[in-house]
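Engineer: What shape does this take:
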Amino acid sequence: MNITLVKKIKLDGTPCPKSANVLEDLEKLGLLDRIDEIVAVDEREQLSKGFILALKYKVEAAPFFIVNNDDGSSHVYKAYYRFLKEVFHQEVSASKEILEMIDQNLDLDFI
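Structural biologist: Residues are numbered from 1 along each chain as shown. Model (predicted):
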């Protein structure tokens, strides 16, 4: 398995807060060394590797993860907590998952 993390760098050259939080969390969990490659969607450079990957996989927001499996298949994770659960088998609270889902789908109407 090969894992690529695509993070975002804003126009002013700073990392996006969500990308920074994901990197910090992976470090705290001791999982950062299991990420094989970290590339950036750099808003200052339209041909950055991260932009190319975002276009290829039709992803509109970073950070996201690309998992290339040994059998040649690949999966894109747009949700960090789902990635943690499914790839690293980490326990994730339901509230964190729900908040992430709401954040990614602001048009959802929850009861």
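Engineer: Need phi/psi at the residue positioned nearest the centre of the chain.
Structural biologist: Geometric centre of the chain, nearest residue: residue 64, 2.2 Å, by Cα atoms, centre = their mean. Backbone torsions of residue 64, given as degrees, to the nearest 10, read phi -150, psi 170.
Engineer: again, but for residue 17
Structural biologist: Dihedral angles (degrees, to the nearest 10) for residue 17: phi -60, psi -40.
Engineer: That one: neighbour count?
Structural biologist: 10 (other Cβ atoms under 10 Å). In this view, the C-beta of every residue, glycine as well, is placed from N, C-alpha and C.
Engineer: Please identify the buried residues of the lengthiest strand in the chain?
Structural biologist: Counting residues, the longest strand in the chain under DSSP state E turns out to be strand 2-9. In terms of neighbour count (16 or more other Cβ atoms under 10 Å), strand 2-9 has its buried residues at 3, 4, 5, 6, 7, 8, 9.
Engineer: which residues in this structure form strands?
Structural biologist: Under DSSP E, the chain gives strands at 2-9, 37-42, 64-68, 74-77.
Engineer: tell me what the longest one is packed against?
Structural biologist: Contacts of strand 2-9 with other secondary structure elements, assessed using 3 or more Cβ pairs under 8 Å, 6 or more residues apart in numbering; DSSP states H and E, are made with helix 17-28, strand 37-42, helix 49-57, strand 64-68.
Engineer: Out of these, flag the one nearest residue 90.
Structural biologist: helix 17-28 (10.0 Å; Cβ to Cβ).
Engineer: who does the closest one touch, helix- and strand-wise?
Structural biologist: strand 2-9.
Engineer: How far does the strand it packs on sit from its chain's centre?
Structural biologist: Relative to its parent chain, strand 2-9 has a centroid offset of 6 Å by Cα atoms, centre = their mean, to the nearest Å.
Engineer: sorry, back to before: just give me the closest of the buried residues of strand 2-9 to residue 49.
Structural biologist: Residue 49 has its nearest neighbour among those in residue 6, at 8.3 Å by Cβ to Cβ.
Engineer: Quick check: the closest one vs residue 21, distance?
Structural biologist: Here residue 6 is placed at a distance of 15 Å from residue 21 (Cβ to Cβ, to the nearest Å).
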